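J.: Sequence first, predicted coordinates after that:
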Amino acid sequence: MIRLFNAFILLCLSQSALAVDIQPNTLYPKVQLDTSMGKIVVELDRTRAPITVDNFLTYVVKGHYDKTLFHRVIAEFVVQGGGLDLKQEERPVDAPIINESGNGLSNSFGTIAMARDQNPHSATSQFYFNVAENQRLDPSSRRWGYAVFGEVIEGEEVLTAMSNVETGHNAKLKWPDFPIKDIILEKATLLPRE
């Protein structure tokens, strides 16, 4: 009976994994981000950052990013989101991924990269857009960098507008650089293969 139950559980898990189509054979998948300030389209680079792209697309397809906040905005540096719901509470995340910052992609203006804490292999769902030339976030021979995994191909003007909003200290979260007026990621959509 236990074997039958375990087989049933494995079958259910495998079926749910199949239900998440992240276009595994598409080398440069595209994702549309519909925000409260306009539309941004990113092209991801699975050839350089396969683990990171698969991780991001899994969150996209599962709807994790829908109705989330861009919670960290620093003009001429970054616009960050992917972790907080509209009540400013953290959404549950999957296990952290391996850092792919040594992939040859640089933290230049208009690129998308994974946010993380001090542990180089701690990235989960949060991502950021570079709104400046941030090569200091790239890896060096003495430190890990932040993994870039794609670039904005539509909506740079939206990203620039986001980077210039007024920010302040968020008392609830005790975080600086929080937009005074919410910037909402309404929906993230994996676009059909071309």
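T.: Cool, got the structure.
J.: Can you get me a residue count around residue 25?
T.: Close neighbours of residue 25, defined as other Cβ atoms under 10 Å, add up to 7. Every C-beta, even on glycine, is put in place using the N, C-alpha and C of the backbone.
J.: what secondary structure does residue 162 sit in?
T.: Here residue 162 is helix, with the state taken from DSSP: H, G, I helix; E, B strand; the rest coil.
J.: Is it in contact with residue 37, as I believe?
T.: Yes - under the criterion of Cβ atoms under 8 Å, residue 162 lies in contact with residue 37, with a separation of 5.7 Å.
J.: what's the overlap in contacts for these two?
T.: Residues touching both residue 162 and residue 37 comprise residue 183, with contact defined as Cβ atoms under 8 Å, 6 or more residues apart in numbering.
J.: So the residue nearest the centre of the chain versus residue 142, what's the distance?
T.: Closest to where the C-alpha atoms of the chain average out (Cα atoms, centre = their mean) is residue 127, at 3.4 Å. The span separating residue 127 from residue 142 equals 25 Å under the rule Cβ to Cβ, to the nearest Å.
J.: Low-confidence regions, this protein specifically.
T.: In the prediction, the chain carries residues with pLDDT under 70 at positions 1-19.
J.: show me where it has helices.
T.: 2-19, 50-62, 156-163 (DSSP state H).
J.: Residue 161 against residue 40, yeah?
T.: No - in this structure, residue 161 sits apart from residue 40 without contact. The criterion is Cβ under 8 Å, and the distance is 10.6 Å.
J.: the more surrounded of the two?
T.: In this view residue 161 and residue 40 are compared by other Cβ under 10 Å, and residue 40 has more residues nearby, 25 against 15.
J.: Spit out the contact partners of the nearest residue to that one once chain neighbours are set aside.
T.: On the basis of Cβ to Cβ, 6 or more residues apart in numbering, the spatially nearest residue to residue 40 that is not a chain neighbour turns out to be residue 155, at 3.6 Å. When the contact criterion is Cβ under 8 Å, 6+ apart, the partners of residue 155 are 33, 38-41.
J.: Tell me the spacing between residue 155 and residue 110.
T.: The separation that residue 155 has from residue 110, given Cβ to Cβ, amounts to 10 Å.
J.: Now list the buried members of the contacts of residue 155.
T.: 33, 40-41 (16 or more other Cβ atoms under 10 Å).
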